[in-house]
Each structure stands twice: as C-alpha cells, then as structure tokens.
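[1] need coordinates for the below:
(one chain, ligands or ions: 1)
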Amino acid sequence: MAKGRSKYKRVILKLSGEALMGGQAFGIEPATVDYIASEIKETSRAGAELAVVIGGGNIFRGMEATAMGMERVSADNMGMLATVINALALQNALERKGLATRVQSAIEMKELAEPYIRRKAVRHLEKGRIVIFAAGTGNPYFTTDTAAALRAMEIGAEVILKATQVDGVYSDDPLKNPRARKFKRISYMDVLKKGLHVMDSTAISLCMDNSLPIVVFNLKGKGNIKSAVMGENIGTYIGAAKAEVRKRA
Ligand code: GTP
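    Just a heads-up that it's a prediction; the model follows:
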C-alpha cells in the first residue's frame with residue numbers, strides 16, 4: 001500500500017531506548033515519547049508500512065551490568081524486559097494520537113502483548129497498523145540492532161531507518177573530535193573495517209549478507225523520520241560498496 005510519497009513500501013524504524021529519556025538521565029519522559037509519536041504519525045502519512053524495533057538502554061543496560069559482575073544471560077534478559085516497557089509506552093502514545101498499533105513480543109507474555117508471529121505481523125502491516133517489536137530477538141547475546149535486522153528480513157522490509165542522537169555516521173566521535181567528518185554513504189565493509197560504532201558487527205553483517213540498506217539519521221530533527229522514509233538525502237546511507245553494486249547490476 002505504498003501511497004503518499006514514500007520511497008519504500010515497508011520499513012523498520014529502529015529507536016534506541018535512550019531516545020525516550022529526553023532530558024532525563026533515566027527512564028521515560030512522556031513529552032519525548034509524545035514527540036516521537038507525533039513524528040511517527042506524520043511519517044505514516046507518507047504511506048510506508050511501518051514497524052518499530054525499540055531498545056531498552058534507558059531502563060537497563062545489560063553490557064554495563066555485565067561489566068559490573070552480573071551474569072550476561074540474566075543481564076540480557078533484563079534488558080529485553082526493558083524493551084517491553086518502552087514498547088508499551090510508545091504504543092500508548094501512538095494510540096493517543098489515533099494510530100492503530102500492535103505490540104508483538106519475542107518473549108511470550110500474552111497478558112501484555114501478542115507473541116511474535118511473523119505472518120500476523122505482516123498482516124497487521126498490510127492493514128496499515130504500526131507494529132512494535134518488543135523483547136529484541138528473545139535471545140541473550142543479541143542486541144536490539146540485530147533484532148531490527150532480523151525482523152526487517154523476516155517481514156520483507158526494504159530498509160532499516162536507524163534514528164540516533166547524531167546526524168549520521170562520522171569518521172570519529174563528532175562530540176569529541178571537531179575534525180570528524182560525516183559520511184553521506186558508506187559500505188557495510190567500511191563500517192566494519194573502520195570499527196565505526198553504528199551498530200554491532202552482528203547486525204551490520206546480517207544486513208550486508210542480505211543487502212539490506214540502513215539509513216542513520218538524527219531523531220531530534222523535526223520531520224527527519226518522514227524525510228528518511230521518503231528517501232531524501234538525510235544522514236548516512238549504509239549499503240554495498242559501489243564496485244559491488246556495479247557487479248550485481
Ligand atoms: P485481525 O483480526 O487480523 O485484523 O487482527 P487483530 O489484531 O485485530 O485481531 P485479534 O483478534 O488477533 O486481536 C484483537 C486485539 O487483541 C488486538 O488489540 C491484539 O493486539 C490483541 N491480541 C491478540 N492476541 C493477543 C495476545 O496474545 N496477547 C495480548 N495481550 N493481546 C492480544
């Protein structure tokens with residue numbers, strides 16, 4: 001149902017848990033969730049089918065807990081539960097704006113959300129509902145970026161739109177190094193080789209192996225999610241290397 005001016009028929013929007021914190025150091029800031037919901041509502045007018053994968057770092061950071069001695073599996077399980085809290089907060093904000101949504105959780109908790117069923121998710125999208133995927137992949141040792149890549153492949157999304165706190169992928173941390181430069185376009189392999197912290201290597205590799213492009217952009221700019229969906233020149237496009245594109249064509 002690609003109506004409107006969307007470049008893509010179906011997309012995955014990846015939001016970090018930290019995106020929900022707003023000005024706070026922890027948790028969920030209602031005004032910020034409301035802002036994101038408005039941006040998603042505006043984006044839905046472009047006509048793409050929209051699924052969202054959300055992180056949980058605003059509530060619990062598994063890696064940090066592991067560094068402090070917690071067993072990794074327990075820490076990751078707690079992190080996955082945090083994503084469910086965020087998914088329910090976002091669902092509520094979207095529904096208050098009149099959007100139809102469904103939350104599907106990779107870890108069964110039927111009282112709160114539907115279980116993840118791929119065919120049902122696709123059906124919801126076809127009906128114009130926004131599907132929020134919660135609980136990551138349902139497995140420890142995998143990030144929610146990897147969950148976004150996996151779900152994108154499963155539901156046939158054409159792109160991952162990764163909303164971040166910066167304008168795109170930089171050669172170095174732009175907050176620390178004023179000479180860091182932004183890439184307009186970069187290959188998966190260069191992201192891996194240069195060790196750029198865009199997504200973890202599992203997520204990037206999964207996208208690379210399946211030729212799934214990623215657009216990295218700043219969530220804070222008003223209208224940015226919609227611009228990304230419409231294929232405007234925004235942020236950084238991560239795809240195959242130019243030579244590879246030519247070879248495949
Ligand atoms: P279609 O009938 O295909 O249009 O989809 P639907 O989601 O409207 O139908 P369904 O009868 O599956 O769901 C009705 C409502 O119940 C929706 O809000 C679903 O999100 C919700 N729902 C469905 N299954 C579950 C579940 O296992 N757990 C929870 N908590 N809610 C569910």
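
[2] what residues does the protein put near the ligand?
    102, 110-115, 123, 127 (C-beta under 6 Å from any ligand atom). For glycine as for every other residue, the C-beta is placed from the backbone atoms N, C-alpha and C.

[3] may I see the buried residues of the biggest helix by length in the chain?
    Here the longest helix in the chain is taken by residue count, with DSSP state H as the criterion, and it is helix 72-96. Neighbour counts using 16 or more other C-beta atoms under 10 Å place 75-91, 93-94 of helix 72-96 among the buried residues.

[4] and the residues of the chain next to the ligand, which two are furthest apart?
    The most widely separated members of those are 111 and 127, with 23.4 Å between them, by C-beta to C-beta.

[5] return the residues in contact with residue 211.
    In this structure, residue 211 makes contact with 239-240, judged by C-beta atoms under 8 Å, 6 or more residues apart in numbering.

[6] could you check how far it is from residue 171?
    Taking C-beta to C-beta, to the nearest Å as the criterion, residue 211 is separated from residue 171 by 24 Å.

[7] in this protein, what spans have low per-residue confidence?
    1-3, 243-249 (pLDDT under 70).

[8] can you give me the helices for this protein?
    Chain-ordered helices for the chain, with DSSP H as the definition, fall at 30-44, 62-67, 72-96, 118-126, 144-155, 188-193, 201-209, 224-229, 242-248.

[9] distance between the second one and the chain's centre?
    Meaning helix 62-67. Computed by C-alpha atoms, centre = their mean, to the nearest Å, the chain-centroid distance of helix 62-67 equals 21 Å.

[10] check the fourth one too.
    For helix 118-126, the gap between its own C-alpha mean and the chain's C-alpha mean amounts to 18 Å (C-alpha atoms, centre = their mean).

[11] which helices and strands does it pack with?
    Here helix 118-126 touches strand 49-54, strand 101-105, strand 130-134, helix 144-155, going by 3 or more C-beta pairs under 8 Å, 6 or more residues apart in numbering; DSSP states H and E.

[12] save the ones you listed as TSV, and put in distance to residue 215 too.
    Shown next, in TSV, are those (distance: least, C-beta to C-beta, whole Å):
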stretch	distance to residue 215
strand 49-54	14
strand 101-105	23
strand 130-134	18
helix 144-155	12
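
[13] could I get the ones you listed as a markdown table with mean neighbour count and distance to residue 71?
    Converted to a markdown table, those look like this (neighbours: other C-beta atoms under 10 Å; distance: least, C-beta to C-beta, whole Å):
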| stretch | mean neighbour count | distance to residue 71 |
| --- | --- | --- |
| strand 49-54 | 27 | 24 |
| strand 101-105 | 21 | 22 |
| strand 130-134 | 28 | 23 |
| helix 144-155 | 24 | 20 |
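
[14] any chance of a markdown table for the helices of the chain, columns distance to residue 55?
    A markdown table is the format used below for those (distance: least, C-beta to C-beta, whole Å):
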| stretch | distance to residue 55 |
| --- | --- |
| helix 30-44 | 13 |
| helix 62-67 | 10 |
| helix 72-96 | 6 |
| helix 118-126 | 19 |
| helix 144-155 | 4 |
| helix 188-193 | 19 |
| helix 201-209 | 12 |
| helix 224-229 | 16 |
| helix 242-248 | 30 |
